[in-house]
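Chemist: I would like to see how this sequence folds:
(chains A and B)
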Amino acid sequence: MSSGVSATVRFTVNERPQSVTAHPLRRLLDVLREDLHLTGTKEGCGEGECGACAVLLDGEVVNSCLVPILHAQDAKIVTIEGLAHNDKARLLQEAFIQCGGAQCGICTPGMVVASWSLLERNPLPTDDDLRSALSGNLCRCTGYTRIFDAIKSASGKLSQAAAE
Amino acid sequence: MRSYLPRFELRGPSELDEALDLIAANPGEWKPFAGGTDLMVSLEQGKLGHRKFVSVTQIAELRGVEVASSHVLIGALATYSQLKRNSVLQDEFPLLCQAASETGSIANQNRGTIGGNIANASPAADSPPALLVYDAELELASKRGARCIPYWRFHTGYKQMDLAPDEIISHIRLPRRDKQWRQYYRKVGTRRAQAISKVCFAGVAKLVDGRVRDIRIALGSVAPTVLRCVKTEELLLGSASPSRVKEAQEQLAAEMSPVDDFRSNAKYRSHVAQNLLAEFLLQL
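Modeler: Take a look at the predicted model:
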């Protein structure tokens, strides 16, 4: 099953069971994009600085460029593709489009994953909460204001929907 | 340039004994690998000097935070996120929680571990100054048995540690204290998230009748290792707060050996560290 240079790792991605045999240090990012063809997750810096490759691992945001595939054993991974069919997450993604929170698009999957994770824990984040939660996600286009607008708009709509 | 993966090995035992067997078999051949937030970066940059790693993340006894009457025992695999959310740590060791919440980004706090941070031995790490002022002790595990050493003795030089090749850091022990300690922590860097600090300061002091009865001061990024400033502490013992600020600043400057590098320069680091000391003392 596992030697130092090859491991068979079982985990779920967007609720589908997966089994991958790979070098144990192969990046989760590469397994997602190249082996599983889930190319929604982007590579930015490859050094854990920019957050473009953010996915959820057991419910927590991680940079998939820094996760060796061995560490995905038994994990539940959710990628941007997994948020596409979630009604509430779709509302967040529509808010990104309406507010101009997505421009070139490279940071967007990571931004959506990180802000989704924030809203799951904290449905009505303050500006400080937003800045802190997204501090590891870099965007070179929007200047961030429109991204924050999008998340606040989604937060309002989601809490309104929850109240009804 | 990216590293060529087949040259590297990563194994993932689920039992501590198995991991200790592996690192003891041929001491120095296998090194521990925890959250990967430093090692994966070096691997990506082609700068990972070592080839064989044993992942310790599956080992249950290295996880969690355990609260006993006299101390809090932190598993080496505790992540920054787990530290900053722990209510006992928030209440009694707030500087550690603050350091954890100002390290990297949320994604890195979710993966990076306190044990990995200590073993990476960066003089610019943000949690070690907090561990130093809390008189932390490290529990080290090996096939030869466990040993416990005061954290202030652990870093012996730049990236040098009192850690044998067959040992791993298993736990961090924080002695619990009464609540009379005043506490202060401040990290100075280009931005709060991600940026590695230019200077990081942790201080705790206990005052009785307006005089300093006990004090701990520790700094990051101003010496080859994180630095406990014992001489400055001695100078301040017994003094009325906030007198002797100027003298203490001079002593602090003499204890540090900051360097010029791409992140900052020695003069700035020394100046900022002295200002942080003044801010700490004036708040007592």
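Chemist: Every contact and neighbour count from this point should use C-alpha atoms.
Modeler: OK.
Chemist: Helix, strand, or coil at B:Asn117?
Modeler: Secondary structure for B:Asn117, judged by DSSP: H, G, I helix; E, B strand; the rest coil, is helix.
Chemist: What helix or strand is the closest residue in space to it that isn't next to it in sequence located in?
Modeler: Distances taken as CA to CA, 6 or more residues apart in numbering or on different chains place B:Ala125 nearest to B:Asn117, at 7.0 Å, with adjacent residues excluded. Using DSSP states H and E, B:Ala125 is not contained in any helix or strand.
Chemist: Settle this for me: B:Ala125 is touching B:Val222, isn't it.
Modeler: No - taking CA atoms under 8 Å as the definition, B:Ala125 is not a contact partner of B:Val222, at 11.0 Å.
Chemist: more crowded one of these two?
Modeler: When B:Ala125 and B:Val222 are compared on other CA atoms under 10 Å in any protein chain shown, the one with more neighbours turns out to be B:Val222, at 26 against 22.
Chemist: okay but the more buried one is in contact with B:Ala253, surely?
Modeler: No - counting by CA under 8 Å, B:Val222 sits too far from B:Ala253 to count as a contact (9.6 Å).
Chemist: quick one: common contacting residues for the two?
Modeler: Counting by CA atoms under 8 Å, 6 or more residues apart in numbering or on different chains, the common neighbours of B:Val222 and B:Ala253 are B:Ser270.
Chemist: ok so, going back, return the distance of the residue nearest to B:Asn117 relative to chain A.
Modeler: 16 Å (CA to the nearest CA, to the nearest Å).
Chemist: before we move on, what about B:Pro129?
Modeler: In terms of CA to the nearest CA, B:Pro129 sits 23 Å off from chain A.
Chemist: Would you check that that residue makes contact with B:Phe201?
Modeler: Yes - counting by CA under 8 Å, B:Pro129 does reach B:Phe201; the two are 6.7 Å apart.
Chemist: Could you list the contact residues of chain A toward chain B?
Modeler: Residues of chain A lying close to chain B by CA under 8 Å from any CA of the partner chain are A:2-5, A:23-26, A:46-49, A:51, A:54, A:60-63, A:65-68, A:70-71, A:132-136.
Chemist: if we go to 6 Å?
Modeler: A:4-5, A:24, A:47, A:61-63, A:66, A:135-136 (CA under 6 Å from any CA of the partner chain).
Chemist: roughly how far is the longest helix seen in chain B from the heart of the chain?
Modeler: In chain B, assigned by DSSP state H, the helix with the most residues is helix B:266-282. Its chain's C-alpha centre and that of helix B:266-282 lie 20 Å apart, by CA atoms, centre = their mean, to the nearest Å.
Chemist: Need the residues that contact that helix.
Modeler: For helix B:266-282, contacts defined as CA atoms under 6 Å, 6 or more residues apart in numbering or on different chains pick out B:242, B:249, B:258-260.
Chemist: Can I get the buried part of those residues as one PyMOL selection?
Modeler: This is how PyMOL selects the buried members of these, with burial counted by 16 or more other CA atoms under 10 Å in any protein chain shown:
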select buried, chain B and resi 242+249+258+259
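Chemist: which of the contacts of helix B:266-282 lies closest to B:Asp91?
Modeler: B:Pro242 (25.5 Å; CA to CA).
Chemist: check which helix or strand covers the residue lying closest to B:Asp126 once chain neighbours are set aside.
Modeler: Nearest residue to B:Asp126 in three dimensions, chain neighbours excluded: B:Ala99, at 5.6 Å (CA to CA, 6+ apart). Assigned by DSSP H and E, B:Ala99 belongs to helix B:94-101.
Chemist: With B:Glu18 instead?
Modeler: B:Glu18 belongs to helix B:16-25, assigned by DSSP H and E.
Chemist: residues in the stretch 1-150 of chain B within reach of chain A, list them.
Modeler: So the stretch 1-150 of chain B meets chain A at B:9-11, B:37, B:40-41, B:105, B:107 (CA under 6 Å from any CA).
Chemist: filter those residues to the buried ones?
Modeler: The neighbour count (16+ other CA under 10 Å) marks B:9-11, B:37, B:40-41, B:105, B:107 as buried among these.
Chemist: Counting neighbours, what do you get for residue 7?
Modeler: Looking at chain A here, since you left the chain open. 22.
Chemist: Can you look at chain B instead?
Modeler: By other CA under 10 Å, neighbour count at B:Arg7 equals 9.
Chemist: Domain boundaries for chain A, per the record?
Modeler: Taking automatic domain parsing as the reference, chain A has its domains at A:7-82, A:86-163.
Chemist: Tell me which of these sits most buried.
Modeler: domain A:7-82 (a mean of 21; mean count of other CA atoms under 10 Å in any protein chain shown).
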